[in-house]
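Q: the sequence isn't on hand, but the structure is:
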């Protein structure tokens, strides 16, 4: 199958990002595997190559470093001239100590927001011009059920600070989708579920293979699909 669409996935050298790259490569998309660590990114490409995928390529990108993002954008612009799908997947957990907001370190909170929120925002801002050149531009922000204020008020949670950073990411989704509502952009947040990855020291209850279906779905949606929404495998998730 030849699709000839390009995808950039941040934080794609492992976990959800890597599996998303694999599944989209299977569908015929050309994947730019974003990794802030060149050696880990190279290892991911080699692993994908061994699985039979040649439609994959490394893009070195650190979403917390604007210069790194600009260089990645320049590199991708030289290679392809446009971008069809941006998946803002790179994220950190903020640690497994208490994340109660009355005591959580401001320094750690800033690190969380630098990656999970500001990283996604500045990456999107830099790549938006390449996305505008696509006939069907798609942006998928990988969020979390912990971002849902409705969910948080009815459940006893532990990762409050992490949830706050993802709530901000969801607000970005809404704002950006509103800005581009009269265009062919489709911009959504997704909740993959509690998945066993390095992010949570592999404590999740589902595999990455099971989790990334929701990411792939909203990366490949058609023109009749919704925008500015928050989804999980059961449908729309409450903000």
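A: Nice, thanks for sending it over. Keep in mind that this is a model prediction, so the values were computed, not measured.

Q: okay, buried residues for the helix or strand bottoming out on mean pLDDT in the chain please.
A: Counting by mean pLDDT, DSSP states H and E, the chain has its least confident helix or strand at helix 208-211, which shows a mean of 80. Using 16 or more other C-beta atoms under 10 Å as the test for burial, helix 208-211 gives 208, 211. Every C-beta, even on glycine, is put in place using the N, C-alpha and C of the backbone.

Q: mind giving me the packing neighbours of that helix?
A: With contacts defined as 3 or more C-beta pairs under 8 Å, 6 or more residues apart in numbering; DSSP states H and E, helix 208-211 has these neighbours: helix 15-26.

Q: who's in contact with residue 191?
A: For residue 191, the contacting residues are 143, 144, 145, 147, 148, 214, 230, 231, 232, 237, by C-beta atoms under 8 Å, 6 or more residues apart in numbering.

Q: show residues contacting the helix or strand just after the least confident helix or strand of the chain.
A: Counting by DSSP states H and E, the next helix or strand C-terminal to helix 208-211 is helix 213-219. Applying C-beta under 8 Å, 6+ apart, the contact partners of helix 213-219 are 7, 16, 20, 23-24, 27, 85, 87, 89, 138, 140, 142, 186, 188, 190-193, 225, 231-233.

Q: for residue 86, which non-adjacent residue is closest in space?
A: Residue nearest to residue 86 in three dimensions, not counting chain neighbours: residue 139, with 5.0 Å by C-beta to C-beta, 6 or more residues apart in numbering.
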